[in-house]
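Q: Quick one, what's the 3D model for this:
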Amino acid sequence: MNVLVRTAIQASTLVIAGSLLMLSATREGSAERVITVISLTVGLLVAVTTIVLSRYGRQARNLIRRRRTDGSNARSVSPQEDQ
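A: Presented below is the predicted three-dimensional model:
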């Protein structure tokens, strides 16, 4: 796993954990609760986006690698060279 991906997941986990702890310590309807819910939402969005993009990137890299190794070493001929 890439260092950047790991760092993003760790940072978002820290924000999520802190927000969940703060939810029990704040009163409903207060400004602190609103900020806590917003930071929880942002942390979840960052975590989910990071996971989805890293999975998509890994699948794309595997697909490219598979296409390179599936083909034979034969050189393809362009239509101009075929004549």
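Q: For residue 31, see how far away the residue positioned nearest the centre of the chain is.
A: Centrality entry for the chain: nearest residue to the mean C-alpha point is residue 50, 1.8 Å, by C-alpha atoms, centre = their mean. Distance of residue 50 to residue 31, given as C-beta to C-beta, to the nearest Å: 28 Å. (C-beta placed from N, C-alpha, C; glycine too.)
Q: which helices and strands sit right next to the lengthiest helix in the chain?
A: The single longest helix within the chain, with elements called by DSSP state H, is helix 31-70. Using 3 or more C-beta pairs under 8 Å, 6 or more residues apart in numbering; DSSP states H and E, the elements in contact with helix 31-70 are helix 3-25.
Q: Just the buried residues of the helix it packs on, please?
A: Buried positions in helix 3-25, judged by neighbour count with 16 or more other C-beta atoms under 10 Å: 5, 8, 9, 12, 15, 16, 19, 22.
Q: Of all the residues you listed, the one with the weakest confidence?
A: Here the lowest pLDDT out of the buried residues of helix 3-25 sits on residue 5, with 89.
Q: low-confidence ranges in the chain?
A: Low-confidence segments of the chain, defined by pLDDT under 70: 1, 70-83.
Q: Swap in 80 and give it another go.
A: 1, 57-83 (pLDDT under 80).
Q: Would you check that the residue nearest to the centre of the chain makes contact with residue 7?
A: No. Between residue 50 and residue 7 no contact is recorded; they are 9.4 Å apart, counting by C-beta atoms under 8 Å.
Q: that older thread, how far away is the closest residue to the residue nearest to the centre of the chain other than its chain neighbours from residue 60?
A: In this structure, residue 50 finds its nearest non-sequential neighbour in residue 8, 4.4 Å apart by C-beta to C-beta, 6 or more residues apart in numbering. As defined by C-beta to C-beta, residue 8 lies at a distance of 18 Å from residue 60.
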